[in-house]
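Participant: Give me a model of this one.
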Amino acid sequence: MYTNTIEERILKEANYLVNNKSTIRQTAKHFHISKSTVHKDLTERLLNIMPKSNLVNKVRAVLDINTSERHIRGGESIRR
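Facilitator: Below is the predicted model of the structure:
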């Protein structure tokens, strides 16, 4: 369905996010692409490429942690 270059990009993004426990924003900045592209890659396209992969579960876990901590990070930036 996707070309090899898109699949490679998605896998690189997923591995970067998991290995660095980064946010979507940090991942997008690292790869010089938009946040919406990274979000779509990691929440939709990765599932199409590897539906029952351990990597998908790890990405979901990091994204869930980021979502649960989002309000804390927002408070810290306002304080600064």
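
Participant: Okay, Leu11 and Thr67: tell me how far apart.
Facilitator: The gap separating Leu11 from Thr67 is 22 Å, by C-beta to C-beta, to the nearest Å. (Each C-beta comes from the backbone N, C-alpha and C, glycine too.)

Participant: quick one: which of those two has more around it?
Facilitator: Neighbours per residue, other C-beta atoms under 10 Å: of Leu11 and Thr67, the larger number sits with Leu11, 16 against 10.

Participant: Need the three-state assignment for the more buried one.
Facilitator: With DSSP: H, G, I helix; E, B strand; the rest coil as the basis, Leu11 sits in helix.

Participant: Now for it: which residues touch it?
Facilitator: Leu46, Ile49, Leu55 (C-beta atoms under 8 Å, 6 or more residues apart in numbering).

Participant: and Lys52, backbone torsions?
Facilitator: phi -120, psi 40 (degrees, to the nearest 10).

Participant: If you tally nearby residues, what's the number for it?
Facilitator: 7.

Participant: where do the helices sit along the chain?
Facilitator: 4-20, 24-31, 35-40, 46-49, 54-79 (DSSP state H).
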